[in-house]
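Asker: this one's sequence-less:
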């Protein structure tokens, strides 16, 4: 990324800022709404949602690779804009000034030409029956999902596998984008010196206010745990695991996550987690993982305490009343759910909506009769055209 010319950055910044400026004003006026009516379904307006977020919120996994690609295009452009803002403030300022000038000089009543058709006209594309018909897309994708076994039905397992594959593509795409930024010498690897420690590590190390949070710890336990071949460099696979340890098969990274939990929950700084420390934090995470939608007000304190003690004792293998990082390993996937967990949530939702005969699987006919279920993360009703449905959020 560092070698990309200033001209490219400037072009990206000017164009994107110009779009963002006019998009808010013209969003409702310049859209031609195309109806999609098949098999008696009422019109549903598809609307692309970018997966770019700034929190730990987990986004739904796109069902359709075509929609996923459009979302990636949007996300990349927003990421590029933020990268310029953070690392090239001088260029970003020039881009903003150019965008403002373009808007001021824009002749009243003159319709601006769209830039980046895949970005601006995504909704029109998705809602043009001749270009993108959800029923046709479901029919096309069905045999790609029905593979284990290919028996003419889509099972929960096959839906989970499909969403996991789509998620892996999303995750790797983002990792490659970050990898290209940090691989400053373009040798195909990221060294620790190339990947600067995050700001919270630097801050904690500077004022020495957090137990264990120093640059040496961060490198040894996180970076080195990701470095499977221990050559001091991360290839793209290791770098992807580094960014997404919960989905890694690398046992060292899973153990690192356990170490992290100990550091966060260990209030008395003895290197272990007592029952009290376990009960106030970790137990809720495990319970919420196992009981989706659990409401703690529905159970008494005695019931909660009893269930927590039972789990604590199961984990406390040596019976010393304290949990070490090794003893946390059996529940680390519940403390840090992998993508498969969210894929199963989506599969269960789809089955609950589209499995009309309740046989625990989907036929092509059921999927055709309920095509919008598979696009529930991007469509909205016609009467509420710019609000997103939130079934899976």
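Answerer: Great, that's in hand. All values derive from a computational prediction rather than experimental measurement.

Asker: so for the host helix or strand of residue 169, what's the average pLDDT?
Answerer: Secondary structure here is read from DSSP states H and E; on that basis residue 169 sits in helix 156-182. Averaged over helix 156-182, pLDDT sits at 94.

Asker: Which other helices and strands does that helix contact?
Answerer: When contacts are defined as 3 or more CB pairs under 8 Å, 6 or more residues apart in numbering; DSSP states H and E, helix 156-182 packs onto helix 65-87, helix 134-145, helix 236-243, helix 339-354. No exception for glycine: its C-beta is placed from N, CA and C like everyone else's.

Asker: Between these, which one is closest to residue 168.
Answerer: Proximity to residue 168 (CB to CB) singles out helix 339-354 among those, at 7.2 Å.

Asker: From the rest of the structure, what touches that closest one?
Answerer: Outside helix 339-354, the residues within contact range by CB atoms under 8 Å, 6 or more residues apart in numbering are 58, 60-61, 63, 156, 159-161, 163-164, 167-168, 171, 246-247, 289, 292, 333, 360-362, 366-367, 369-370, 373-374, 376, 391-392.

Asker: Out of those, list just those in strands.
Answerer: For those, membership in strands holds for 361-362, with DSSP state E as the criterion.

Asker: Quick check: residue 305 vs residue 275, distance?
Answerer: Using CB to CB, to the nearest Å, one gets 9 Å for the distance from residue 305 to residue 275.

Asker: More neighbours: these two, which one.
Answerer: Set side by side, residue 305 and residue 275 give different neighbour counts by other CB atoms under 10 Å, the larger being at residue 275 (17 against 13).

Asker: does residue 278 sit in a helix, a strand or a coil?
Answerer: Judged by DSSP: H, G, I helix; E, B strand; the rest coil, the three-state class of residue 278 is helix.

Asker: Which one, of the helices and strands packed on helix 156-182, ends up nearest to residue 190?
Answerer: Distances from residue 190 to each of the helices and strands packed on helix 156-182 were compared by CB to CB, and the smallest falls on helix 236-243, at 5.5 Å.

Asker: who does the closest one touch, helix- and strand-wise?
Answerer: Contact here means 3+ CB pairs under 8 Å, 6+ apart; on that basis helix 236-243 packs against helix 156-182, helix 224-226.

Asker: what comes up buried for that helix?
Answerer: Within helix 236-243, the residues that qualify as buried by neighbour count (16 or more other CB atoms under 10 Å) are 236, 238-243.

Asker: distance of residue 65 from residue 166?
Answerer: When distances are taken as CB to CB, residue 65 and residue 166 turn out to be 7 Å apart.

Asker: Neighbour count: these two, which is higher?
Answerer: A direct count of neighbours by other CB under 10 Å for residue 65 and residue 166 places residue 166 higher, at 20 against 14.

Asker: Looking at the helices and strands packed on helix 156-182, which is nearest to residue 179?
Answerer: For those, proximity to residue 179 was assessed by CB to CB; helix 236-243 is nearest, at 5.2 Å.

Asker: contacting residues around the closest one?
Answerer: 171-172, 174-176, 178-179, 182, 188, 190, 222-223, 226-228, 234, 247-248, 250, 253.

Asker: residues contacting residue 154?
Answerer: 142, 145-146, 361-363, 367.

Asker: For residue 266, which non-adjacent residue is spatially closest?
Answerer: Excluding its sequence neighbours, the residue lying closest to residue 266 (CB to CB, 6 or more residues apart in numbering) is residue 273, at 6.0 Å.

Asker: so that neighbour touches residue 262, yeah?
Answerer: Yes. At 6.0 Å, residue 273 counts as touching residue 262 under the criterion of CB atoms under 8 Å.

Asker: My guess is residue 255 contacts residue 324. True?
Answerer: No. Taking CB under 8 Å as the definition, residue 255 is not a contact partner of residue 324, at 10.8 Å.

Asker: before we move on, back to that, show me how to select, in ChimeraX, the buried members of the contacts of helix 236-243.
Answerer: Of the contacts of helix 236-243, the buried ones go into a single ChimeraX selection, burial set by 16+ other CB under 10 Å:
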select :171,174,175,178,179,182,190,222,223,226,227,228,234,247,248,250,253
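
Asker: Next, find the distance separating the nearest residue to residue 226 once chain neighbours are set aside from residue 220.
Answerer: With CB to CB, 6+ apart as the criterion, residue 226 has its nearest non-adjacent residue at 3.8 Å, and that residue is residue 242. Summarising the geometry, the distance separating residue 242 from residue 220, computed by CB to CB, is 14 Å.
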